[in-house]
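Q: Generate a structure from the sequence data that follows.
(4 chains)
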There are 2 protein chains.
Amino acid sequence: MTVDVDSPAESGARRGSGAVFAPLYRQIKQLLVASLEQGEWKPGELIPSELELAHRFQVSQGTVRKAVDELAAANLLVRRQGKGTFVATHHEPRAQFRFLRIVPDAGEAVPAESRFLECRRLKAPAEIARQLQLKTGDPVVYVRRLLFLSGKPVVLDDIWLPGALFKGLTSERLARYHGPLYGLFESEFDTRMIRAQEQLRAVAADATVARLLQVPKDSPLLLVDRVSFSYGDRPVEVRRGLCVTTAHHYRNALY
Amino acid sequence: MTVDVDSPAESGARRGSGAVFAPLYRQIKQLLVASLEQGEWKPGELIPSELELAHRFQVSQGTVRKAVDELAAANLLVRRQGKGTFVATHHEPRAQFRFLRIVPDAGEAVPAESRFLECRRLKAPAEIARQLQLKTGDPVVYVRRLLFLSGKPVVLDDIWLPGALFKGLTSERLARYHGPLYGLFESEFDTRMIRAQEQLRAVAADATVARLLQVPKDSPLLLVDRVSFSYGDRPVEVRRGLCVTTAHHYRNALY
DNA sequence: TAGTGGTCTAGACCACATA
DNA sequence: ATGTGGTCTAGACCACTAG
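A: Now for the predicted structure:
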């Protein structure tokens, strides 16, 4: 399910040898991930057919299929019968709500609208640096934005990104863009968010936050601390969201 | 992934006919779920081998394998190489943390301890009845309990269960039991929780809750509204948890 | 040694999309 | 008509478990 880096993974595809540390299809999977990471196929693009990949890697179609199956289950690839297999993208509407879990209590989920309040470079505080696997003081981009749902401010996000990856990111660039933030990141900065880990807590609104979210001071807010990862489990975003949950909630499914 | 009820599902397993509404392996899957639901194999028990099931259903081993794969992915079955395939159970430690998402900010997840405050029968309020797909006034069992982590009260749960399914459930029965609640439900009441849907919000503690959780009145608490489902997407539990998130948090993974 | 799930293959046919 | 993924089969062999 996850994007494991679970073995040395030789390139030689020998059948059932025993000297190989991972099953063939896992090796194929890692080769495909490597191609995705290196940008051989961009988000939204068609990848080669199963038969073509089978020839390339000198394995049977069934083995490629199993590798692709796992990548599709992990939302890295999307299969479309009759058309082919595509690299998943944060631009397709289907992917919108994978990382946006705040939905209205009643009615349909509505596309969110962003207002960017701040965007500036700064030296990473210790805690942020740790989470991004950087050194304290390394350059990071800091973004503060308000998320509006049905015209009401609902979420205040503070976002930290590694400066090295997001060089051209500015207030103007953000203001011009409309759509999911992760879409922008993948199109303009070659950084694709694959998975994220979140910690949720309830906190009281301080004066500044209360003003921005138009709620009374000390109102209970849902705090969502997120670290997002790209290929190879590299952390590439720290996000701290404060959500008003009077008319919205965070939805989750347990299996 | 989910336990779909996605077709009329004939029992006849004819190969690639076209008159059949679901692929063979989906039909097999539904037949397996039916056997689980009817208790042919109990939680923790070994189910027949793939070859045996293939003979029973008159399909190839590969088709059974695909059906079992999906059921294992949905956590209904557990495969153990060399031993066989087992019915998943809430008793095995592996399953504990699937439905308990509250973990300490630091240190390892510790087994939770329950103190039951109340357990009584009552007529279902409208909202609870709706969520349990009962009629208002139908009998339900109401349970209130405190969850302790490392000796501290952390979660106050209010739980509603269909009275028809939980006839013998009493305070004494609960007090005697140690372990996960869903383990008790599956062993003693033949009701297995398969999946759940949650809504999270931040709220302020009222006087009663504050006293029970040993926090100041109006402290921000994490409210977790859960509906749990058994086989066939039958709702069988409504749970409303209030969590102190000063030293703990709700953890979640996004893919 | 025997039985189980796990991997891999090769080939057939179906369902869907496009030209 | 062609090419894609989706399903199904049959058979071989591997890895793990237990008697």
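Q: Name all residues that make contact with A:L161.
A: A:V140, A:V141, A:V143, A:L169, A:V236, A:E237 (Cβ atoms under 8 Å, 6 or more residues apart in numbering or on different chains). Just so you know, the C-beta spots here come from the backbone N, C-alpha and C atoms, and that holds for glycine as well.
Q: if you set the cut-off to 10 Å instead, what comes out?
A: Going by Cβ atoms under 10 Å, 6 or more residues apart in numbering or on different chains, A:L161 touches A:128, A:132, A:139-143, A:169, A:185, A:189, A:191, A:228, A:236-239.
Q: Show me which residues of the stretch 51-200 of chain A are close to DNA strand D?
A: Within reach of DNA strand D by Cβ under 7 Å from any atom of the strand, the stretch 51-200 of chain A has these residues: A:L51, A:E52, A:G62, A:R65, A:R79, A:R80, A:Q81, A:G82, A:K83, A:G84, A:T85.
Q: switch the cut-off to 10 Å
A: Contacts of the stretch 51-200 of chain A with DNA strand D, taken as Cβ under 10 Å from any atom of the strand, map to A:51-54, A:60-62, A:64-65, A:68-69, A:72, A:77-86.
Q: Can you tell me which of the contacts of A:L161 is nearest B:L31?
A: Comparing the contacts of A:L161 against B:L31 with Cβ to Cβ places A:S228 closest, at 40.6 Å.
Q: where along the stretch 101-250 of chain A do the strands fall?
A: Ranges of strands within the stretch 101-250 of chain A are A:102-104, A:113-123, A:139-149, A:152-162, A:195-204, A:220-230, A:234-243, A:248-254, based on DSSP state E, counting those that start in this stretch.
Q: among these, which is nearest DNA strand C?
A: The minimum distance between DNA strand C and these falls on strand A:195-204, with 21.4 Å, by Cβ to the nearest atom of the strand.
Q: Could you pull out the buried residues of the closest one?
A: A:R195, A:A196, A:E198, A:Q199, A:L200, A:R201, A:A202, A:V203, A:A204 (16 or more other Cβ atoms under 10 Å in any protein chain shown).
Q: Stretch A:80-91 now?
A: For stretch A:80-91, using 16+ other Cβ under 10 Å, the buried residues are A:T85, A:F86, A:V87, A:A88, A:T89, A:H90, A:H91.
Q: Can you show me the CA trace of it as PDB?
A: Only the C-alpha atoms of stretch A:80-91 are listed here, as PDB (Å, rounded to 0.1, in the frame of the first residue of the first chain):
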ATOM      1  CA  ARG A  80      -8.400   3.500 -17.400                       C
ATOM      2  CA  GLN A  81      -9.800   0.500 -19.300                       C
ATOM      3  CA  GLY A  82      -9.300   0.700 -23.000                       C
ATOM      4  CA  LYS A  83      -7.200   3.800 -22.800                       C
ATOM      5  CA  GLY A  84      -4.100   2.900 -20.700                       C
ATOM      6  CA  THR A  85      -2.400   3.700 -17.400                       C
ATOM      7  CA  PHE A  86      -1.800   7.300 -16.500                       C
ATOM      8  CA  VAL A  87       0.400   9.000 -13.900                       C
ATOM      9  CA  ALA A  88      -1.900  10.300 -11.200                       C
ATOM     10  CA  THR A  89      -2.200  14.100 -10.900                       C
ATOM     11  CA  HIS A  90      -3.600  16.500  -8.300                       C
ATOM     12  CA  HIS A  91      -5.400  18.400 -11.000                       C
END
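Q: Tally up the residues packed near the closest residue to DNA strand D within the stretch 101-250 of chain A, please.
A: Closest approach between the stretch 101-250 of chain A and DNA strand D, counting by Cβ to the nearest atom of the strand: A:R192, at 20.1 Å. Using other Cβ atoms under 10 Å in any protein chain shown, A:R192 is surrounded by 25 other residues.
Q: and if you look at A:G232?
A: With other Cβ under 10 Å as criterion, A:G232 counts 11.
Q: still on that earlier bit, and the residues of the stretch 51-200 of chain A next to DNA strand D, which of them are in strands?
A: Mapping these onto strands (DSSP state E) picks out A:L77, A:V78, A:R79, A:R80, A:G84, A:T85, A:F86.
Q: Quickly note the distance from the fifth one to A:E45.
A: So the one you mean is A:G84. Shown here: A:G84 relative to A:E45, a distance of 10 Å by Cβ to Cβ, to the nearest Å.
Q: Next: the third one.
A: When distance is defined by Cβ to Cβ, A:R79 is 14 Å away from A:E45.
Q: anything in contact with each of those two?
A: Counting by Cβ under 10 Å, 6+ apart, the residues touching both A:R79 and A:E45 are A:F86.
Q: Can you report how many residues neighbour the nearest residue to A:A88 once chain neighbours are set aside?
A: Nearest non-adjacent residue to A:A88, counting by Cβ to Cβ, 6 or more residues apart in numbering or on different chains: A:V78, 5.1 Å away. Number of residues near A:V78 (other Cβ under 10 Å) recorded here: 18.
Q: contacting residues around A:V78?
A: A:G44, A:L71, A:A72, A:G84, A:T85, A:F86, A:V87, A:A88, A:T89, A:E92, A:R94, A:A95.
Q: Tell me where the model's unsure across chain A.
A: By pLDDT under 70, the weakly predicted segments of chain A are A:1-20.
Q: Can you tell me which residue is spatially central in it?
A: A:M193 (2.5 Å; Cα atoms, centre = their mean).
Q: who's in contact with that one?
A: Here A:M193 is in contact with A:90, A:95, A:98-99, A:180-183, A:185-186, A:226, A:228-231, A:236-237, B:254 (criterion: Cβ under 10 Å, 6+ apart).
Q: can you check A:K167 too?
A: Contacts of A:K167 by Cβ under 10 Å, 6+ apart are A:R121, A:P139, A:V141, A:F189.
Q: from the residues you listed, which would you call buried?
A: Looks like these have A:V141 buried, using 16+ other Cβ under 10 Å.
Q: which of the ones in strands among the residues of the stretch 51-200 of chain A next to DNA strand D lies closest to DNA strand C?
A: A:R80 (6.5 Å).
Q: Okay, and the beta partners of the spatially closest residue to the closest one that is not a sequence neighbour?
A: With Cβ to Cβ, 6+ apart as the criterion, A:R80 has its nearest non-adjacent residue at 6.6 Å, and that residue is A:F86. Beta-bridge partners recorded for A:F86 (DSSP bridges): A:L46, A:V78.
Q: A:F86 touches A:E45, doesn't it?
A: Yes - between A:F86 and A:E45 there is a contact under Cβ atoms under 10 Å: 6.6 Å.
Q: mind giving me the domain split of chain A?
A: A:8-87, A:102-250 (automatic domain parsing).
Q: okay if I get those as CSV plus distance to B:Q27?
A: Shown next, in CSV, are those (distance: least, Cβ to Cβ, whole Å):
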stretch, distance to B:Q27
domain A:8-87, 19
domain A:102-250, 33
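Q: which of the ones you listed is buried the deepest?
A: Sort the domains of chain A by mean neighbour count, taking mean count of other Cβ atoms under 10 Å in any protein chain shown, and domain A:102-250 sits at the top with a mean of 17.
Q: Distance of A:V227 relative to B:Q38?
A: Counting by Cβ to Cβ, the gap from A:V227 to B:Q38 is 44 Å.
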